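> A predicted structure for the sequence below; I have some questions about it.
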Amino acid sequence: ARSLIVMSETLPRYPRGSLGHGPGALVEVENVKLTITTNAKLKHTLAASPSGYTTGTNEATLSFKMLLGENGPERDFYEELRAGTVNSFRLMLPGSLTFRVTGVVSKTDFDVPLDDAVAIDIEVLCKVQKA
């Protein structure tokens, strides 16, 4: 009979990442997503499908959810959206992988559910550099 016990050396730990904004870290944030694309497209000809590809414009979007506590939002991204303020973020991932993100808030989506915390979904159109 095989043992069903999993040894700790065969079960790696997956640490969490964090999101910094300006000089500090964002605390009340969850579900961070950084999307980077070259907008590549496959090209097709009568002789071959696909016959190759082209690359388009480089684009990136940072999105995250910020929970709202009793004192309101941790940062006022609604005002950042209205003013068109350029923001800087640092996305820190396990393995010393860090991205510097610079961009403008393009969308805020307020979520007021009946049975969960009030939250704001924030979308930032940005440029990304690996630090």
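Yes, it's here.
> all contacts plus neighbour counts: C-alpha atoms, from now on.
Noted.
> helix or strand right after the longest strand anywhere in the chain?
As assigned by DSSP state E, the longest strand anywhere in the chain is strand 97-111. With elements assigned by DSSP states H and E, the helix or strand that comes after strand 97-111 is strand 119-130.
> all helices of this structure, in order?
Secondary structure of the chain (DSSP state H): helices at 77-83.
> which residue is nearest the centroid of it?
Geometric centre of the chain, nearest residue: residue 33, 2.3 Å, by CA atoms, centre = their mean.
> which residues touch that one?
Counting by CA atoms under 8 Å, 6 or more residues apart in numbering, residue 33 makes contact with 62-64.
> mind checking which of these are buried?
By neighbour count, with 16 or more other CA atoms under 10 Å, these hold 62-64 as buried.
> tell me which of those residues fall in strands.
Filtering the buried ones among the contacts of residue 33 for strands - DSSP E - leaves 62-64.
> neighbours of residue 96, how many?
Residue 96 has 8 neighbouring residues, counting by other CA atoms under 10 Å.
> next one: phi and psi at it?
Reported as degrees, to the nearest 10, the phi and psi values for residue 96 are phi 60, psi 30.
> separation between it and residue 38?
Note on residue 96: its distance to residue 38, by CA to CA, to the nearest Å, is 24 Å.
> alright, calling it a day.
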